[in-house]
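*Asks:* just need the structure, nothing else, for what follows:
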Amino acid sequence: MRCEGVDLCASRRAFTLGALAFLGDGAALRPRLADANALRVGAPAPAATLVTLEGARLATPELTGKVVLLTFWATWCAPCREELPLLSRYALAHREDLQVLGFSLDTAEQLAEVRRIAATLAFPVGLFERSSAPGYGRIWRLPVSFLIDRQGRLAMDGWQEKPPTLTAARLETLVTPLLGAGGAVR
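*Replies:* Sure thing, here's the model as predicted:
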């Protein structure tokens, strides 16, 4: 394509240079990852999608009407390994009203170990690298869990929980009230 006339060529060059400056490395075209500091209890929970080890996709917006617990863990995390059986028993006891989604931060190289642990759990597990949970920030501490009420609102921000590990008593305090008829945010 040829430019006809000096003004048209200059305009195209200016537009092209402006567009390149705006796009830089393409960051302007990529969606921004939400900052974990933007999470607000009572506000709509960011969407998350777990791709299970079997390849099924479970998206939190499709689970509205159930209480959803997102748990992030890894095979090498000792507190995670202690918490997972507890979460499994709790999920089994409340399977009609609660959906636990387990995001393993292990890589495909540890898939055999992830599968071994997942086989003992009563909730779906998938590798985080194959799943999506951008609204929860960079997962830097394990274990960390987030709770979504029946209406799709964030009910617990795992980054704010001290201590972060869930116990039977904490599940009774944080999750059980949401399983009741109203499922209101605490």
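
*Asks:* which SSE is immediately downstream of the helix or strand where residue 117 lies?
*Replies:* Applying DSSP states H and E as the criterion places residue 117 in helix 111-118. Heading C-terminal from helix 111-118, the first helix or strand you meet, by DSSP H and E, is strand 125-127.

*Asks:* pLDDT weak spots in this structure?
*Replies:* Applying pLDDT under 70 to the chain flags residues 1-37, 181-186.

*Asks:* contact partners for the most centrally placed residue in it?
*Replies:* Nearest residue to the geometric centre of the chain (C-alpha atoms, centre = their mean): residue 133, 3.1 Å. For residue 133, the contact set (C-beta atoms under 8 Å, 6 or more residues apart in numbering) comprises 46, 48-49, 70, 72, 103, 139. Heads up, the C-betas are built off the backbone N, CA and C, glycines and all.

*Asks:* who wins on neighbours among those residues?
*Replies:* residue 103 (26 neighbours; other C-beta atoms under 10 Å).

*Asks:* quickly find the element holding the spatially closest residue to residue 139 that is not a sequence neighbour.
*Replies:* Of all residues not flanking residue 139 in the chain, residue 72 sits nearest, at 5.0 Å (C-beta to C-beta, 6 or more residues apart in numbering). Using DSSP H and E, residue 72 falls within strand 67-73.

*Asks:* that strand pairs with which strands, parallel or anti?
*Replies:* As defined by DSSP bridges, the strand partners of strand 67-73 come to strand 98-104 (parallel), strand 144-148 (antiparallel).

*Asks:* got the angle for the longest one vs helix 111-118?
*Replies:* Spelled out, that is strand 98-104. 160 degrees (axes from the mean of the first three to the mean of the last three C-alpha atoms, to 10 degrees).

*Asks:* so what's the gap between strand 98-104 and the chain middle?
*Replies:* A distance of 10 Å separates the centroid of the chain from that of strand 98-104, by C-alpha atoms, centre = their mean, to the nearest Å.
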